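Undergrad: sequence and predicted structure below; questions after.
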Amino acid sequence: MLSERERERYKRQILLFGEDGQKKLKTAHIFIAGAGGLGSPVSLYLAVAGVGTLTVVDKDVVDLSNLNRQILHGDRDIGKKKIVSAGETLREINPDINVNVIDATIDETNVGHLIGSADGIVDAMDNYPTRYLLNRTALEKKIPLFHGAIRGLHGQATTIIPGKTPCLQCIFPKAPPKEVFPVVGVTPGVIGTVQANEVIKYLLGEGKLLTGRLFIWDGNESRAEELVIERDPACPVCGTGKGSPEKTRKS
């Protein structure tokens, strides 16, 4: 049930989704891999939307050079663990949700346990080895992966549904070279809000998801495009006989 406080907090959303829709968000659990440039807008907008449980995992410490884009953190947080300042910010912005923060490096040994029984995984990482690991885990757990990536004034996003859409390995068979890439904060702002929007639509079972489509943002031109993407039957992760059926949306 929604409390009177929650009805007041979310009343403009309830005009869109109804109380039943808000209850779906309240009972949902989303895992967010990363509390940096992408993880910041994703977690903030899911928090204010009333997604009931957010689990945020990160291992890094807040650095001054993070603050042009990582809006979960501020000057006072320099030197803190990112999960500490992330937890403080998210609980302050919405004390009516559950915020779990975990100080850990996501790897093969702990990824399944960290994600647990979450309803979906947000890829807010900056490296492809971890992205590929999240992709495989999403397929194993039969839950969606909400992918986003940025570089400079450019970004991309897609929603991966196990057994139905191309997986991340289909779309990007080889990881790009590792680099310290340029970025301005508005780019993760755009892509992170697209990812959050996809999560909300998925949980509500409304709208058309970015499934089978790669959203591409060009901030130089202020233009968004999309590419149609298809499953690769020879994909080593989700190819014939390796995919998983779609998890039913929450109802």
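TA: Done, it's in. Source: prediction; values computed, not measured.
Undergrad: can you list contacts of the helix or strand where residue 45 lies?
TA: Taking DSSP states H and E as the criterion, the element that holds residue 45 is helix 39-49. Contact with helix 39-49 is made by 10, 13, 25, 30, 32-33, 35, 54, 56, 58, 69-73, 86, 89-90, 93-94, 97, 99, 122, 124, 148, 188-189, 192-193, 195-197, 199-200, as judged by Cβ atoms under 8 Å, 6 or more residues apart in numbering. The C-beta positions use only the backbone N, C-alpha and C, and glycine is treated the same way.
Undergrad: please repeat the previous calculation with a cut-off of 7 Å.
TA: 13, 25, 30, 32, 54, 56, 70-72, 86, 90, 93-94, 97, 122, 124, 188-189, 192-193, 195-196, 199-200 (Cβ atoms under 7 Å, 6 or more residues apart in numbering).
Undergrad: buried members of those into ChimeraX, please.
TA: To isolate the buried ones among these in ChimeraX, judged by 16 or more other Cβ atoms under 10 Å, type:
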select :13,25,30,32,54,56,70,71,72,86,90,94,97,122,124,188,189,192,193,195,196,199,200
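Undergrad: quick one: end-to-end distance for stretch 21-41.
TA: In stretch 21-41, first residue to last residue: 22 Å (Cα to Cα, to the nearest Å).
Undergrad: ditto for stretch 157-167
TA: 13 Å.
Undergrad: make 4 the first number, not 1, from now on.
TA: Happy to do that; since the first residue is 4 now, the last one works out to stretch 160-170.
Undergrad: name the SS class of residue 234, please.
TA: coil (DSSP: H, G, I helix; E, B strand; the rest coil).
Undergrad: name the residues that touch stretch 202-220?
TA: By Cβ under 7 Å, 6+ apart, stretch 202-220 touches 20, 24, 27-28, 31, 33, 49, 52, 122-123, 125, 147, 149, 157-162, 164, 167-169, 174, 193-194, 197, 201, 227-232, 252-254.
Undergrad: likewise stretch 91-102?
TA: 8-9, 12, 46-47, 50-51, 53-57, 75, 90.
Undergrad: go with 10 Å
TA: Residues outside stretch 91-102 that contact it (Cβ atoms under 10 Å, 6 or more residues apart in numbering): 5-6, 8-9, 12-13, 28-29, 32, 35, 38, 43, 46-59, 74-77, 79-80, 83, 86, 89-90, 104.
Undergrad: quick one: which of these sit in helices?
TA: Of the positions in these, 8-9, 12, 28-29, 43, 46-52, 86, 89-90 sit in helices, assigned by DSSP state H.
Undergrad: many thanks, have a good one.
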